[in-house]
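Peer 1: Kindly generate the corresponding structure for this input.
(one chain, ligands or ions: 1)
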Amino acid sequence: MKPVAPKIRMGFVGGGEGAFIGQAHRQAAGLDGGFELVCGAFSRDAANNRQTGAALGLAASRCYSDWQRMLDSEAALPADQRMELLVIVTPNHLHAPIAGQALKAGFHVFSEKPAALNLDELLTLKAVVQSSQRLYGLAHTYLGYPMVWQARDMVRSGVIGAVRKVLVEYPQGWLSQDVAAQGNKQAGWRDDPRQSGIGGCIGDIGTHAFSLAEFVADQSIERLCAALGTHVSGRQLDDDAAMLLQMSQGASGVLIASQVCAGEENPLKIRVYGDKGALEWRQEDPASLIHRSVDQPLRVLRSGVGQPWLCEAARQRMRLPAGHPEGYLEAMANLYGDFARAIRGKVEGHDAPGVPGIEIGLRGMAFIEAAIANHRGDAKWTELVCTA
Ligand SMILES: NC(=O)c1ccc[n+]([C@@H]2O[C@H](COP(=O)([O-])OP(=O)(O)OC[C@H]3O[C@@H](n4cnc5c(N)ncnc54)[C@H](O)[C@@H]3O)[C@@H](O)[C@H]2O)c1
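Peer 2: The predicted model follows:
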């Protein structure tokens with residue numbers, strides 16, 4: 001990945017000391033040298049906010065007490081000093097309000113998922129994104145992995161034939177006990193519908209499985225039949241989900257997302273079966289893509305710089321020779337790299353090529369709402385609806 005010069009000035013909302021994903025964003029943004037952190041409103045806790053800013057080497061004047069003040073103050077700075085890109089790494093309920101205000105104030109936005117709390121809020125944000133002439137990206141990290149792009153390329157070029165079956169699963173174990181009651185902050189807000197939205201596990205990791213399935217199979221999920229559950233007593237939102245899928249070009253699928261699979265870490269996995277063969281990718285071994293064929297031995301394609309049999313999109317997203325592991329941070333860094341090139345390339349419109357945008361956010365929200373509606377209602381199938 002070539003660094004982009006000059007560096008893009010970025011600010012953060014969220015990601016104070018003790019937070020999870022903000023730190024990963026900062027490390028990923030720094031990996032290829034395309035960004036510099038110039039400001040932040042990292043936490044509602046004033047001491048945490050100050051400490052985080054100081055630890056990151058920010059001047060106290062660019063460490064703001066809240067995000068509204070940050071947007072106003074940064075917009076008032078000379079153009080060659082002010083923040084260009086706002087990164088949003090707060091709990092879910094703040095994503096759309098902050099993104100909307102930032103776009104209106106003239107900043108590009110890279111937001112954590114989900115893009116909003118519900119479909120209405122997201123449609124409002126979409127209108128802002130479309131009228132803003134600024135870039136909007138969504139941190140669907142797994143769509144930054146090179147071998148995910150390789151899998152999609154092989155599906156698109158017909159290597160496995162017509163896609164018939166998609167099996168995608170994301171079983172985690174970290175919420176198999178009531179860790180919120182033991183003070184786990186991340187678990188706490190994730191089970192509060194005001195901060196998390198109507199979905200628990202389905203929104204938190206189900207959306208990752210969903211977007212991966214649509215991306216790799218290169219078709220959209222049109223209808224689903226879902227069973228959601230809450231296994232840990234006292235929890236308000238779902239912690240477990242399973243569903244059947246019907247896809248736009250005739251494939252059927254199964255999606256499992258669960259946070260009560262005790263002992264599991266992050267084994268997001270997809271298998272796509274066509275009439276000539278199949279592909280399998282697993283994020284805990286992200287350098288390997290398994291290719292099964294009806295008339296050939298199984299082969300394992302491995303990522304790594306200089307592998308001529310990999311597609312261009314995969315090769316662009318690698319930094320190291322085969323066997324030196326690249327992983328989650330590099331996948332996130334690939335999204336940042338594409339975002340940087342789009343900002344410096346003065347791309348027209350609101351999509352940064354290679355980076356999930358507002359439409360993927362909309363699909364993810366339609367997925368959450370359809371899954372919950374189907375689970376609660378009597379219909380066998382529920383359509384995914386991305387409009388008001
Ligand atoms: N893309 C991924 O793979 C991935 C992984 C984990 C989390 N996430 C998403 O990232 C987001 C954050 O998750 P997390 O696990 O890092 O949560 P977290 O609780 O660890 O961090 C949230 C941060 O936001 C800060 N914050 C809250 N309100 C704020 C405000 N008004 N102003 C400034 N800062 C504020 C908190 O102080 C904290 O620093 C969520 O939306 C989650 O869905 C995405």
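Peer 1: How about the secondary structure of the residue in the stretch 151-300 of the chain that the ligand sits nearest to?
Peer 2: Of the stretch 151-300 of the chain, the residue with the smallest distance to the ligand, taken as C-beta to the nearest ligand atom, is residue 186 at 4.4 Å. Where C-beta positions appear, they are placed from N, C-alpha and C, glycine not excepted. Three-state call for residue 186 (DSSP: H, G, I helix; E, B strand; the rest coil): helix.
Peer 1: Would you check that it makes contact with residue 20?
Peer 2: Yes. When contacts are counted by C-beta atoms under 8 Å, residue 186 is listed as touching residue 20 (5.8 Å).
Peer 1: what's the domain layout of the chain?
Peer 2: 8-142+340-355, 146-319+365-375 (automatic domain parsing).
Peer 1: Adding mean neighbour count as columns, could you present those domains in TSV?
Peer 2: TSV is the format used below for the domains of the chain (neighbours: other C-beta atoms under 10 Å):
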stretch	mean neighbour count
domain 8-142+340-355	19
domain 146-319+365-375	19
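Peer 1: Any chance of CSV for these, columns mean pLDDT?
Peer 2: Conversion of the domains of the chain to CSV gives the following (pLDDT from 0 to 100):
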stretch, mean pLDDT
domain 8-142+340-355, 96
domain 146-319+365-375, 97
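Peer 1: State the helix or strand in which residue 150 lies.
Peer 2: Take DSSP states H and E as the rule and residue 150 turns out to sit in helix 146-156.
Peer 1: for the ligand, what are the nearby residues on the stretch 201-350 of the chain?
Peer 2: Contact residues of the stretch 201-350 of the chain with respect to the ligand, defined by C-beta under 6 Å from any ligand atom, are listed as residue 204.
Peer 1: which residues in the stretch 201-350 of the chain form helices?
Peer 2: 201, 207-217, 312-315, 328-344 (DSSP state H, counting those that start in this stretch).
Peer 1: Quick one: closest of those helices to residue 286.
Peer 2: Ranking these by proximity to residue 286 (C-beta to C-beta) places helix 328-344 first, at 7.3 Å.
Peer 1: Would you mind listing the outside residues contacting the helix holding residue 150?
Peer 2: Under the contact criterion C-beta atoms under 8 Å, 6 or more residues apart in numbering, helix 146-156 has outside partners 142, 160, 163, 212, 215-218, 270, 272, 274, 279, 281, 286-289, 291, 301, 303, 310-311, 313-315, 317-318, 326, 334.
Peer 1: what about it and the ligand, touching?
Peer 2: No. Residues of helix 146-156 are not located near the ligand by C-beta under 6 Å from any ligand atom, the shortest gap being 13.3 Å.
Peer 1: give the contact list for the residue of the stretch 151-300 of the chain closest to the ligand.
Peer 2: Taking C-beta under 8 Å, 6+ apart as the contact definition, residue 186 lies against residue 20.
Peer 1: Check residue 368 too.
Peer 2: Counting by C-beta under 8 Å, 6+ apart, residue 368 touches 114, 197-199, 202-203, 206-207.
Peer 1: change it to 7 Å
Peer 2: Contact partners of residue 368, counting by C-beta atoms under 7 Å, 6 or more residues apart in numbering, are 198-199, 202-203, 207.
Peer 1: Determine the number of other residues adjacent to residue 143.
Peer 2: Each residue near residue 143 was counted by other C-beta atoms under 10 Å, and the total is 23.
Peer 1: Just the pLDDT at it, thanks.
Peer 2: Model confidence at residue 143, expressed as pLDDT, equals 98.
Peer 1: Quick check: it touching residue 356?
Peer 2: Yes. Between residue 143 and residue 356 there is a contact at 5.5 Å, judged by C-beta atoms under 7 Å.
Peer 1: picking that back up, now distance to residue 381 too, for the domains of the chain, in TSV please.
Peer 2: As requested, those are exported to TSV (distance: least, C-beta to C-beta, whole Å):
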stretch	distance to residue 381
domain 8-142+340-355	19
domain 146-319+365-375	4
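Peer 1: closest one to residue 387 among the ones you listed?
Peer 2: domain 8-142+340-355 (7.5 Å).
Peer 1: Which residue ranges of the stretch 1-150 of the chain form helices?
Peer 2: Secondary structure of the stretch 1-150 of the chain by DSSP H, counting those that start in this stretch: the helices cover 21-31, 46-55, 67-75, 95-104, 119-132, 146-156.
Peer 1: Dump those helices to CSV, plus distance to residue 388.
Peer 2: Listed next are the helices of the stretch 1-150 of the chain as CSV, based on distance: least, C-beta to C-beta, whole Å:
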stretch, distance to residue 388
helix 21-31, 30
helix 46-55, 37
helix 67-75, 27
helix 95-104, 15
helix 119-132, 6
helix 146-156, 30
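Peer 1: what's the closest of those to residue 347?
Peer 2: Closest approach to residue 347 among the helices of the stretch 1-150 of the chain (C-beta to C-beta): helix 119-132, 13.1 Å.
Peer 1: For the closest one, which helices and strands make contact with it?
Peer 2: helix 95-104, helix 358-376 (3 or more C-beta pairs under 7 Å, 6 or more residues apart in numbering; DSSP states H and E).
Peer 1: got a list of contacts for the next helix or strand after the last one?
Peer 2: Yep, that's helix 358-376 we're talking about. Under the assignment DSSP H and E, the closest C-terminal helix or strand after helix 358-376 is strand 382-383. For strand 382-383, the surrounding residues in contact (C-beta under 7 Å, 6+ apart) are 222-224, 370, 373-374.
Peer 1: go with 10 Å
Peer 2: Taking contacts as C-beta atoms under 10 Å, 6 or more residues apart in numbering, the residues outside strand 382-383 that touch it are 221-226, 243, 246, 366, 369-376.
Peer 1: again, but for stretch 296-306
Peer 2: By C-beta under 10 Å, 6+ apart, the list of residues contacting stretch 296-306 reads 145-147, 149-151, 154, 276-281, 285-293, 307, 309-310, 314-315, 317-326.
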